[in-house]
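Chemist: let me see the structure of the following:
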Amino acid sequence: MAKKVIDSFDLNRDAVVPDEVGAEIAADFLARPPKLVIAPSSMKNRDTQVSLAGEVTFVGTEPNADVTVDVAGFDKMFENLQAASKQAPELSQYLPMALIAKGFAKPQPDGSLRWKVVRKADGSVSINDVQLKGPDAPSGEGKAQ
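Modeler: Numbers count the residues shown, from 1 in each chain. Next up, the predicted model:
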């Protein structure tokens, strides 16, 4: 897909990438949908480690995602956010969201927190097997005629 865009890119045209190339890319995407694999990765500082792994595939143009996020040191991260919000009050808006996120987490034996996030091609979303959003209505349903 990227090669097609690069090969057709021309700043001397009004449409720097022709519409036909966009259509070809869309057709290629539908014929051979990509698979994004998130290899086990982590970011770490003195108090916190965030690890991520999973994959995203496609059914048509809709993503299927199955991603696991592990956080060690969440409580320390929250304490640091609270302290920082005293100097920068706008940060306090993130405190309730952090508490909500913690509420969805599954504690692990080592004290870390885990979120297994699944987004299905039907639009449904769950975290740790708790459904947050049901499937989308099929096209045309629920709309005024």
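Chemist: surely Thr68 meets Glu55?
Modeler: No: look at Thr68 against Glu55 with Cβ atoms under 8 Å: they stay out of range, at 10.3 Å. C-betas here are computed from N, CA, C, even on glycine.
Chemist: who has more neighbours, those two?
Modeler: More neighbours surround Thr68 than the other of Thr68 and Glu55, with 16 against 13 (other Cβ atoms under 10 Å).
Chemist: how about the nearest residue to the more buried one, chain neighbours excluded?
Modeler: Lys116 (5.0 Å; Cβ to Cβ, 6 or more residues apart in numbering).
Chemist: the one you found and Asp110, how far apart?
Modeler: Distance from Lys116 to Asp110, counting by Cβ to Cβ, to the nearest Å: 16 Å.
Chemist: alpha carbons of the helix or strand containing Leu81, as CSV, please.
Modeler: Following DSSP states H and E, the helix or strand that holds Leu81 is helix 74-87. Coordinates of each C-alpha in helix 74-87 appear next as CSV, following Å, rounded to 0.1, in the frame of the first residue of the first chain:
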residue,chain,number,x,y,z
PHE,A,74,-0.2,2.1,39.1
ASP,A,75,-0.8,3.4,42.6
LYS,A,76,2.5,5.3,42.6
MET,A,77,1.7,6.7,39.1
PHE,A,78,-1.7,7.9,40.5
GLU,A,79,0.1,9.5,43.5
ASN,A,80,2.4,11.3,41.2
LEU,A,81,-0.5,12.5,39.1
GLN,A,82,-2.2,13.8,42.3
ALA,A,83,1.0,15.6,43.3
ALA,A,84,1.5,17.1,39.9
SER,A,85,-2.1,18.4,39.7
LYS,A,86,-1.3,20.7,42.7
GLN,A,87,1.2,22.5,40.5
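Chemist: re the thing from before, between Lys116 and Asp110, who's got more neighbours?
Modeler: Applying other Cβ under 10 Å to Lys116 and Asp110 shows that Lys116 carries more neighbours, namely 17 against 7.
Chemist: run through who's touching the one helix or strand that one maps to.
Modeler: Here Lys116, judged by DSSP H and E, is contained in strand 113-119. With Cβ atoms under 8 Å, 6 or more residues apart in numbering as the test, strand 113-119 has contacts from 54, 63-71, 74, 101-102, 104-108, 125-129.
Chemist: nice, that's everything, thank you.
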